[in-house]
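Novice: Quick one: sequence plus predicted model below, questions after.
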Amino acid sequence: MAIVTARPMPDDRHPEPGGWNRFVVEVEDLVSRVAEMKQAGVRFRNDVVVGLGGKQIVLEDPDGNPVELFEAARKPGGFGGAFREAL
C-alpha cells in the first residue's frame, strides 16, 4: 500500500512530487516498537501521530526512503480487528 500525505513534518518539510510515497507496515503496540527502534538507532521523521484510524509514525530506511509504521485503532470488544479482516 502506498500513501501520500499533505501534512508537513515537524521540521517543516513538505511533500514533494515523487518523494513522499511510502510503504505502510501495520504493527501491534506502536509506541513500544518505536522505543525499541529508536534505541537501535532508527531515524524517525516525526513523532507518533494519533488520529481516528489509529497511530502512525514515519521512519527512514538506511537509504533515506520513508516507511510508515501504523497501528490501527481498536474498537471496544475487538470489532476493529474483525472489521479489517473482513475487508
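Specialist: Okay, I see it.
Novice: Could I get the average pLDDT for the lengthiest helix in the chain?
Specialist: If you go by DSSP state H, the chain has its longest helix at helix 30-39. The average pLDDT within helix 30-39 is 97.
Novice: could you say what helices and strands it packs with?
Specialist: If contacts are counted by 3 or more Cβ pairs under 8 Å, 6 or more residues apart in numbering; DSSP states H and E, helix 30-39 sits against strand 43-44, strand 54-60, strand 66-72. Yep, even glycine has a C-beta here, placed from its N, CA and C like the rest.
Novice: how big is the angle separating that helix from strand 66-72?
Specialist: If you take axes from the mean of the first three to the mean of the last three Cα atoms, to 10 degrees, helix 30-39 sits at 150 degrees to strand 66-72.
Novice: Excluding chain neighbours, what is closest to residue 28?
Specialist: Excluding the flanking residues, the one nearest residue 28 by Cβ to Cβ, 6 or more residues apart in numbering is residue 71, at 6.7 Å.
Novice: quick one: that neighbour from residue 49, how far?
Specialist: From residue 71 across to residue 49, the span is 11 Å (Cβ to Cβ, to the nearest Å).
Novice: residues shared between the contacts of the two?
Specialist: Residues touching both residue 71 and residue 49 (Cβ atoms under 8 Å, 6 or more residues apart in numbering): 55, 56.
Novice: higher neighbour count, the two?
Specialist: residue 71 (20 against 13; other Cβ atoms under 10 Å).
Novice: Quickly list what that one is bridged to.
Specialist: Note on residue 71: beta-bridge partners by DSSP bridges are residue 55.
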